[in-house]
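In: Give me a 3D structure for the following:
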Amino acid sequence: MKKLSVKKEHIREMFKSFSNLNVVIIGDVRIYSYMWGKVNRISPEAPVPIIAVNKKEKRLGGAANVALNIQAMGANPILCSVIGIDYEGQNFLDLLKTQKLSQKGILKSRDRITTEKTRVIGNNHQLLRIDEEIEEDITAAETQQLITLISYIIQHDKIDVILFEDYNKGLITPKLISKVVELAKSKGIPTCVDPKKKNFNAYKGVTLFKPNLKELREGLKLDISSDNINELQRAISSFRVKQKFDTALVTLAEKGVIINSRSEKHHTPAHIRSIADVSGAGDTVISVAALLVALHVNPIVMAAISNLAGGLVCEQIGVVPVSKEQLLEEALKLDFVK
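Out: Model prediction:
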């Protein structure tokens, strides 16, 4: 760690400031459906288990989980996405309402279904997953509708940061990226990206680019080990300069995170934790990072606190938002906090 010192009071003020932030989240959304039950016999019709269902639940997923993380930190998320005009679409809107999340950035499409992923769990083991989704890009007309809607939100609300949560499911297109980044720059709004392979090179001029190691390898077509931090930093620096990012934040799972900006190049090791489930850790990292970018926090501090947040959710089973109180408590123990 470079000679960096941050006062505890400054960290507390930072966390208090989250409640003043408005965050636009652009990304593919989905419903996670769960069916739990008992398996006591095999079907006479086919060699498959029969599950006697005793519990069902629907949860928000995809970019909507990022919205839940942003909300859990005290900020105001505005989710911008496309759903179908179908039963699942209404379920999705009902879930937003239940979670007190805004619906004003949601478009309805006659050409798409609302994505739903159903997991069937018997005797505490996942037996089956059923995916209902369309992965093709949204139409040119829908892209323009979404750009117009996002533009309206940016013009009429005080937006502090825009977050692209790209799951490669067709919502985010190169045109959408370029238009929104251009609009954000004209308004002085920072942009953060959690990318996937398809649009990896389409994000130019963003404030923060946050791939994981797998996405970085695929995007750059490089086979670099997470043990070779210097080689990783060189590859990230080259890509950052080419794409004109301010900062790149690369998550390395159990190896921690790398931060790479013009002024800072640093590796933050992971905190030793009892890992229960890594689901949703990436969503949590980008959520906390985006809030810290909105507050113009030092990149090393941003990387350390985001890394901490990702580790904390890994201690929980399932996709759950980070606890603001727990994250603050842990952040105050970081070695550069005095």
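In: For the residue nearest the centre of the chain, give me its contacts.
Out: In the chain, the centroid-proximal residue (CA atoms, centre = their mean) is D283; its distance is 3.0 Å. Residues near D283 by CB atoms under 8 Å, 6 or more residues apart in numbering: N65, V66, N69, E165, D194, V319. For the C-beta atoms, the positions are set from N, CA and C on the backbone; glycine is no exception.
In: quick one: stretch 291-304 to chain centroid distance?
Out: 16 Å (CA atoms, centre = their mean, to the nearest Å).
In: Now do the helices in the stretch 151-300 of the chain.
Out: When assigned using DSSP state H, counting those that start in this stretch, the helices of the stretch 151-300 of the chain occupy the ranges 174-187, 213-220, 229-243, 281-294, 299-313.
In: and L213, how many residues sit next to it?
Out: Neighbour count of L213, defined by other CB atoms under 10 Å: 17.
In: any idea how far it is from Y152?
Out: Counting by CB to CB, to the nearest Å, the gap from L213 to Y152 is 37 Å.
In: can you list the weak-confidence ranges in the protein?
Out: Low-confidence segments of the chain (pLDDT under 70): 1-2, 271-280, 313-320.
In: what are the ranges of the strands in it?
Out: For the chain, the strands defined by DSSP state E cover 22-27, 29-42, 49-62, 76-84, 106-109, 116-122, 125-132, 161-165, 191-194, 208-209, 247-251, 257-261, 265-268.
In: OK, contacts around R217?
Out: Contact partners of R217, counting by CB under 8 Å, 6+ apart, are D223, I224.
In: picking that back up, list just the nearest of the contacts of D283 to K338.
Out: Nearest to K338 among the contacts of D283, counting by CB to CB, is N69 at 28.0 Å.
In: Please name the nearest non-neighbouring residue to that closest one.
Out: Excluding the flanking residues, the one nearest N69 by CB to CB, 6 or more residues apart in numbering is S287, at 3.6 Å.
In: now I134: how far from I26?
Out: From I134 over to I26 the distance is 18 Å, taken as CB to CB.
In: cool, and V250?
Out: V250 is 21 Å from I26, by CB to CB.
In: Over to T268?
Out: 27 Å.
In: who's more crowded, these two?
Out: Neighbours were counted for T268 and for I26 using other CB under 10 Å; I26 has more, 25 against 21.
In: For beta bridges, what are the partners of the more buried one?
Out: Beta-bridge partners of I26, counted by DSSP bridges, are C80, F164.
In: Next, the contact list for it, please.
Out: Contacts here follow CB under 8 Å, 6+ apart; on that basis I26 touches 63, 80-81, 146, 150, 162-165, 171-172, 176, 180.
In: Report how many residues lie close to E135.
Out: Per other CB under 10 Å, the neighbour tally for E135 reads 12.
In: What of the one 5 residues further on?
Out: Residues near A140, counting by other CB under 10 Å, number 10.
In: What sits closest to it if chain neighbours are left out?
Out: Distances taken as CB to CB, 6+ apart place K175 nearest to A140, at 7.8 Å, with adjacent residues excluded.
In: what's near enough to touch the one you found?
Out: Going by CB under 8 Å, 6+ apart, K175 touches A140, T143, I147.
In: What sits closest to R110 if chain neighbours are left out?
Out: Nearest residue to R110, sequence neighbours excluded (CB to CB, 6+ apart): I85, at 5.7 Å.
In: do the same with N168
Out: Nearest one to N168, counting by CB to CB, 6+ apart, is K196 at 4.1 Å.
In: Correct me if wrong: the one you found contacts F164.
Out: No. Assessed by CB atoms under 8 Å, K196 is found out of contact with F164, at 10.2 Å.
In: And these two? Which one has more around it.
Out: For K196 versus F164, neighbours defined as other CB under 10 Å are more numerous around F164 (29 against 18).
In: quick one: the residue located most distally from the centre of the chain from A52, how far?
Out: Taking CA atoms, centre = their mean, the residue of the chain most remote from its mean C-alpha position is P44, at 43.5 Å. Going from P44 to A52 by CB to CB gives 15 Å.
In: isn't V193 right next to V206, touching?
Out: Yes. Here V193 lies in contact with V206, judged by CB under 8 Å, at a distance of 5.2 Å.
In: Mutual contacts of the two, please.
Out: Here V193 and V206 have F164 as joint contacts, going by CB under 8 Å, 6+ apart.
In: Which of these two has more residues huddled nearby?
Out: The residue with more neighbours, out of V193 and V206, is V193; 29 against 25, by other CB under 10 Å.
In: Against Y203, how distant is the more buried one?
Out: Counting by CB to CB, the gap from V193 to Y203 is 5 Å.
In: what sits in contact with each of the two?
Out: F164, F209.
In: what's the burial count for S323?
Out: Look at S323: counted by other CB under 10 Å, it has 16 neighbours.
In: nope, A289 is what I was after
Out: A289 has 30 neighbours, counted by other CB under 10 Å.
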